[in-house]
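S.K.: Quick one, fold the following:
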Amino acid sequence: MISEPTYLAAKIVSHRIAAHFSKQANSAGAGIKHTPDAQVVESLIDTAFWASLRREEGYEPKISLAFVPPDMAGSSLVFHHQQRFTPHNLVKLSPAVVQPGIHLGIWLDGDNFYIWGTTHDVPAHCMVVEVVEAGLLVVKQKHHDGTGKFINVAVLKGNQIKVVDDNHWGLTDCPGMLSSLLGLSDSSSARSENILIQLALAMRSHGRGALLLVVPPNSSAWLHSIVKPINYLVEPHMMLPPDDRDPSPGHRFTDTLRKMIRAVGGYSAIDGATVITQDHCLLAFGAKVARSPHSLPVTQLMITEPVEESTVQLLDATNIGGTRHLAAAQFVHDQHDALAMVASQDGTFTVFVWSEKQQMVHGHRIDTLLM
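M.R.: Numbers count the residues shown, from 1 in each chain. Below you'll find the model as predicted:
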């Protein structure tokens with residue numbers, strides 16, 4: 001080891017993260033030499049944390065570290081001379097890996113960690129540590145099918161620790177996008193769920209707050225919960241161009257679809273709700289939600305977060321957040337077959353669905369999974 005770790009949160013969480021990766025390796029049914037033990041986890045997190053607090057020419061470093069040997073990483077660039085794994089060297093190299101999808105490769109030579117190069121491709125069950133901002137780290141791994149967003153394992157912000165619990169609150173009664181974010185979805189619907197995840201990321205990116213309503217196709221029932229006239233009602237416009245209509249989970253997004261997702265994310269910054277169908281057809285934006293004349297006001301709902309040691313919260317509708325949250329809860333209370341996604345200006349993200357099991361609106365806090 002280069003030095004004794006001094007970031008207390010790394011020591012506290014290291015055994016739980018190591019146990020997660022060990023479980024993943026055992027389920028794979030084969031020996032995986034890049035499975036990190038608790039000491040490796042602690043050292044990687046500790047070094048990444050102290051690097052996150054430094055500056056390089058005035059910029060906060062954004063770094064992604066992958067614990068993998070160079071012979072197991074595809075699309076790699078290997079340094080002729082290994083670099084010592086220190087906060088100083090991480091910050092110096094951070095501009096090279098600031099773009100999404102590129103990682104610094106970290107491995108061990110005896111008891112000493114070193115930086116061996118950069119890679120665009122990491123194997124399954126590889127531990128990745130991402131420096132998001134000063135003091136904010138996310139531990140993650142590649143999705144089992146190799147597509148979509150990486151799966152978050154834990155989020156550390158200063159002394160706050162959130163470890164993701166993938167067995168939380170009865171996953172048979174939750175939105176498909178949550179199962180996908182937890183790495184539990186392998187059905188033909190995984191591609192559709194991944195589009196919603198990308199839309200969620202686009203909604204968060206502008207930082208203005210947003211409300212997205214997802215309604216059944218070929219149905220006008222949602223209009224009963226919208227104030228007329230709708231400011232920006234559009235001719236139904238399919239987000240999926242012909243090249244992107246392959247339903248298989250492994251089908252890659254085209255640049256056209258990425259541009260459409262970014263565009264819809266931009267529309268969501270307009271005051272009011274953006275409305276799309278479950279088959280990804282844009283219907284409106286800037287829409288105002290109102291209680292349906294066929295429904296009663298929402299009074300109580302359930303809020304959960306898929307992290308260890310969290311509890312179910314039963315809240316009065318007036319205590320769930322701002323007007324977007326209340327509008328989303330009321331819309332789902334009126335339209336049981338719809339889904340509502342709310343991005344808050346403070347970074348929190350909630351997905352509202354109707355729970356048949358509990359017969360009430362269920363709000364899933366998923367911002368921990370979206371980082």
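S.K.: can you tell me how far His81 sits from Trp116?
M.R.: Distance, His81 to Trp116, by CB to CB, to the nearest Å: 10 Å. For the C-beta atoms, the positions are set from N, CA and C on the backbone; glycine is no exception.
S.K.: Just want to know which of the two has more residues nearby.
M.R.: When neighbours are counted by other CB atoms under 10 Å, His81 and Trp116 differ, and Trp116 comes out ahead with 22 against 5.
S.K.: Could I get the average pLDDT for the helix or strand where the more buried one lies?
M.R.: Assigned by DSSP states H and E, Trp116 belongs to strand 112-121. Averaged over strand 112-121, pLDDT sits at 95.
S.K.: Can you list the buried residues in it?
M.R.: Buried residues in strand 112-121, counted by 16 or more other CB atoms under 10 Å: Phe113, Tyr114, Ile115, Trp116, Gly117, Thr118, Thr119, Asp121.
S.K.: Out of these, which two sit at the greatest distance?
M.R.: Phe113 and Asp121 (20.8 Å; CB to CB).
S.K.: Show me where the stretch 251-371 of the chain dips below the pLDDT cut-off.
M.R.: 251-253 (pLDDT under 70).
S.K.: number of nearby residues for the nearest residue to Val41 once chain neighbours are set aside?
M.R.: Closest residue to Val41 apart from its sequence neighbours, by CB to CB, 6 or more residues apart in numbering: Ser14 at 4.2 Å. Per other CB under 10 Å, the neighbour tally for Ser14 reads 23.
S.K.: ok, Ser14 - contacts?
M.R.: By CB atoms under 8 Å, 6 or more residues apart in numbering, the contact set of Ser14 is Ala38, Gln39, Val41, Glu42, Ile45.
S.K.: List the residues that contact the last one.
M.R.: In other words, Ile45. Under the criterion of CB under 8 Å, 6+ apart, the neighbours of Ile45 are Pro5, Tyr7, Ala9, Ala10, Val13, Ser14, Val129, Leu137, Val139, Leu156.
S.K.: Can you tell me the SS state at Arg204?
M.R.: helix (DSSP: H, G, I helix; E, B strand; the rest coil).
S.K.: ok, it to Leu212 distance?
M.R.: To Leu212, Arg204 is 11 Å away according to CB to CB.
S.K.: neighbour-wise, which of those two wins?
M.R.: Neighbour totals were compared for Arg204 and Leu212, and Leu212 leads with 25 against 22 (other CB under 10 Å).
S.K.: List the contacts of Phe285.
M.R.: Contacts of Phe285 by CB under 8 Å, 6+ apart are Tyr232, Val234, Tyr267, Ser268, Ile270, Gly272, Ala273, Thr274, Val275.
S.K.: who does it bridge with?
M.R.: For Phe285, the beta-bridge partners under DSSP bridges are Tyr232.
S.K.: With the one 4 residues further on instead?
M.R.: Val289 has these beta-bridge partners by DSSP bridges: Ile226.
S.K.: What is the burial count for it?
M.R.: 24.
S.K.: Check Thr318 too.
M.R.: Neighbour tally, Thr318, other CB under 10 Å: 9.
S.K.: cool, Ala154 as well?
M.R.: Using other CB under 10 Å, Ala154 has 24 other residues around it.
S.K.: my guess is it meets Ala18, correct?
M.R.: No: using CB atoms under 8 Å, Ala154 is not in contact with Ala18; the gap is 11.0 Å.
S.K.: ranges for the helices of the stretch 51-200 of the chain?
M.R.: 87-93, 176-181, 190-205 (DSSP state H, counting those that start in this stretch).
S.K.: Which one of those helices lies nearest to Thr368?
M.R.: helix 176-181 (9.4 Å).
S.K.: now for the closest one, which elements pack on it?
M.R.: Where contact means 3 or more CB pairs under 8 Å, 6 or more residues apart in numbering; DSSP states H and E, helix 176-181 is packed against helix 190-205, helix 367-370.
S.K.: Format those as JSON lines; extra columns: distance to Ser76.
M.R.: JSON lines is the format used below for these (distance: least, CB to CB, whole Å):
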{"stretch": "helix 190-205", "distance to Ser76": "26"}
{"stretch": "helix 367-370", "distance to Ser76": "28"}
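S.K.: any idea which of these scores lowest on pLDDT?
M.R.: helix 190-205 - the lowest mean pLDDT of the helices and strands packed on helix 176-181, at a mean of 88.
S.K.: Can you list the neighbours in contact with whichever helix or strand comes after that one?
M.R.: Per DSSP H and E, the first helix or strand lying C-terminal to helix 190-205 is strand 210-215. Strand 210-215 has contacts (CB under 8 Å, 6+ apart) with 196, 199-200, 203-204, 221-222, 264-265, 268-269, 272-278, 283, 287, 289, 324, 327-328, 331, 335, 337-343.
S.K.: In ChimeraX, how would I select the buried members of those?
M.R.: Here is the ChimeraX selection string for the buried members of these, based on 16+ other CB under 10 Å:
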select :196,199,200,203,204,222,264,265,268,269,272,273,274,275,276,277,278,283,287,289,324,327,328,331,335,338,339,340,341,342,343
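S.K.: Identify those among the contacts of strand 210-215 that sit within strands.
M.R.: Those of the contacts of strand 210-215 mapping onto strands are Ala273, Thr274, Val275, Ile276, Thr277, Leu283, Ala287, Leu339, Ala340, Met341, Val342, Ala343, per DSSP state E.
S.K.: Show me this structure divided up by domain.
M.R.: Structurally, the chain divides into domains by automatic domain parsing as follows: 8-163, 171-370.
S.K.: how long is stretch 341-350 end to end?
M.R.: Using CA to CA, to the nearest Å, one end of stretch 341-350 lies 6 Å from the other.
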